[in-house]
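# Generate a structure from the sequence data that follows.
(one chain, ligands or ions: 2)
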Amino acid sequence: MEQSNKQNNTICFFGAGAMAEAIVSGVLAQGIFLPEQVSVLNKSNEQRLHHLHSKYGVTVSNEEQQKQLLLQQADIIVLAMKPKDAVAALTELQAHIRADQVLVSVIAGLSITSIKQLIGVKQPVVRAMPNTSSSIGQGVTGISYSDEVTEVEKMTIQSIFSAIGIALTIDEKQQSAITAISGSGPAYIYFFVEAMTAAAEKLGFTTADASKLVLHTLKGAAAMLEQTELPAEQLRKNVTSPNGTTAAALDVMIDQQLSTTISDAIQRACTRADELGKEIERSIH
Ligand SMILES: NC(=O)C1=CN([C@@H]2O[C@H](COP(=O)(O)OP(=O)(O)OC[C@H]3O[C@@H](n4cnc5c(N)ncnc54)[C@H](OP(=O)(O)O)[C@@H]3O)[C@@H](O)[C@H]2O)C=CC1
Ligand SMILES: O=C(O)[C@@H]1CCC=N1
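Residues are numbered from 1 along each chain as shown. Ligands and ions are numbered 1, 2, ... in the order given. Now for the predicted structure:
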């Protein structure tokens, strides 16, 4: 309770999806905000609001007048809708926002310039790219600030994202790149886990055993990276006996150019983040 943030008493999530829930869950678990300091708004999905209210005890709304009130009362507003919904939401917000409210966008591609164009230039704007691991305090967030954000506000934002993982201040130019690495990154790992689990089942393990084997292999490998501080290449070599099983598997991956596929995929995600930003810019003009 003592840890709750006294300088910023209320935070309002404009958007109630997966990313909003990951941050809400993380900040509540870490005691950064109390449930009564948090509100979450969406467009229409009642079931989703019911879930968030019953699980976290936060205030929820999709009703116009109450939404306006909650937005006006908030010290920090987090924009957490899909890029395609951003222009409509910011246009709606423009009528209610004050210059002493900090606007934090987690929307992929949406630039600080576009946000300012839609809401006015005096606003302190934060562009952040978190990931869903924030829900368990293991997130990665890249943060960029507009010139209007004060040092005190920066410290507050930094403390929020640091409480739910690691937070790096980055140049806004790097936002698409960080989106492609750590924003989307958990999905790449889950995809790899899905493929390994399916392969284990094909080799005769039950789904439960296959999942357990893969999960613990992943956890052990991540812990080895963290605890030994050895480079991944060295750890990989330690597993790979000459002419052994690992070498046989890695030969298949190398033959099928898995590294190139991963590099191309990440580059494509980075380009897609830029495209999302440009699509938003075009819809403003
Ligand atoms: N998921 C992730 O891993 C990450 C996502 N992001 C970014 O976070 C943002 C949200 O993604 P995610 O949570 O996955 O998306 P979801 O689709 O899960 O959630 C989007 C939410 O926005 C709400 N919404 C849409 N329009 C409005 C509006 N005009 N007013 C209020 N609420 C609105 C939707 O409400 P309703 O359901 O009622 O329509 C829904 O609650 C995206 O911009 C994405 O780029 C960033 C980092 C990681
Ligand atoms: O897929 C997306 O566009 C968002 C941004 C990063 C993770 N999810």
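# where does the stretch 1-150 of the chain come near ligand 2, residue by residue?
By the rule C-beta under 6 Å from any ligand atom, the part of the stretch 1-150 of the chain lying against ligand 2 is A108. Just so you know, the C-beta spots here come from the backbone N, C-alpha and C atoms, and that holds for glycine as well.
# And the strands in the stretch 1-150 of the chain, which stretches?
Under the criterion DSSP state E, counting those that start in this stretch, strands of the stretch 1-150 of the chain are mapped to 11-14, 38-41, 59-61, 76-79, 102-105, 125-129, 139-145.
# In JSON lines, list these along with mean pLDDT, mean neighbour count and distance to L93.
Converted to JSON lines, the strands of the stretch 1-150 of the chain look like this (pLDDT from 0 to 100; neighbours: other C-beta atoms under 10 Å; distance: least, C-beta to C-beta, whole Å):
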{"stretch": "strand 11-14", "mean pLDDT": "98", "mean neighbour count": "26", "distance to L93": "7"}
{"stretch": "strand 38-41", "mean pLDDT": "98", "mean neighbour count": "26", "distance to L93": "10"}
{"stretch": "strand 59-61", "mean pLDDT": "98", "mean neighbour count": "21", "distance to L93": "14"}
{"stretch": "strand 76-79", "mean pLDDT": "97", "mean neighbour count": "25", "distance to L93": "7"}
{"stretch": "strand 102-105", "mean pLDDT": "97", "mean neighbour count": "25", "distance to L93": "8"}
{"stretch": "strand 125-129", "mean pLDDT": "98", "mean neighbour count": "26", "distance to L93": "12"}
{"stretch": "strand 139-145", "mean pLDDT": "98", "mean neighbour count": "23", "distance to L93": "19"}
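# Reformat the ones you listed as JSON lines; add distance to S182.
Formatted as JSON lines, the entries for these read as follows, by distance: least, C-beta to C-beta, whole Å:
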{"stretch": "strand 11-14", "distance to S182": "21"}
{"stretch": "strand 38-41", "distance to S182": "24"}
{"stretch": "strand 59-61", "distance to S182": "28"}
{"stretch": "strand 76-79", "distance to S182": "18"}
{"stretch": "strand 102-105", "distance to S182": "17"}
{"stretch": "strand 125-129", "distance to S182": "7"}
{"stretch": "strand 139-145", "distance to S182": "4"}
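# closest to G183 out of these?
Nearest of these to G183, taken as C-beta to C-beta: strand 125-129 at 4.7 Å.
# quick one, that closest one and strand 139-145 angle?
Going by axes from the mean of the first three to the mean of the last three C-alpha atoms, to 10 degrees, strand 125-129 is angled at 150 degrees with respect to strand 139-145.
# Spell out which strands sit alongside strand 125-129 in the sheet and which way each one runs.
Within its sheet, and counting by DSSP bridges, strand 125-129 is paired with strand 102-105 (parallel), strand 139-145 (antiparallel).
# Return the residues in contact with A198.
Under the criterion of C-beta atoms under 8 Å, 6 or more residues apart in numbering, the contact partners of A198 comprise A210.
# and it, helix, strand or coil?
With DSSP: H, G, I helix; E, B strand; the rest coil as the basis, the three-state label of A198 is helix.
# which residues are there in the stretch 151-285 of the chain that come within reach of ligand 2?
Residues of the stretch 151-285 of the chain lying near ligand 2 by C-beta under 6 Å from any ligand atom: 179, 183-184.
# Check the contact between Y188 and T261; I expect there is one.
No: with contacts defined as C-beta atoms under 8 Å, Y188 does not count as touching T261, sitting 10.7 Å away.
# Which of those two has more residues huddled nearby?
The neighbour comparison of Y188 against T261 (other C-beta atoms under 10 Å) goes to Y188, with 15 against 11.
# and the more buried one, what helix or strand is that in?
Here Y188 sits within helix 185-202, counting by DSSP states H and E.
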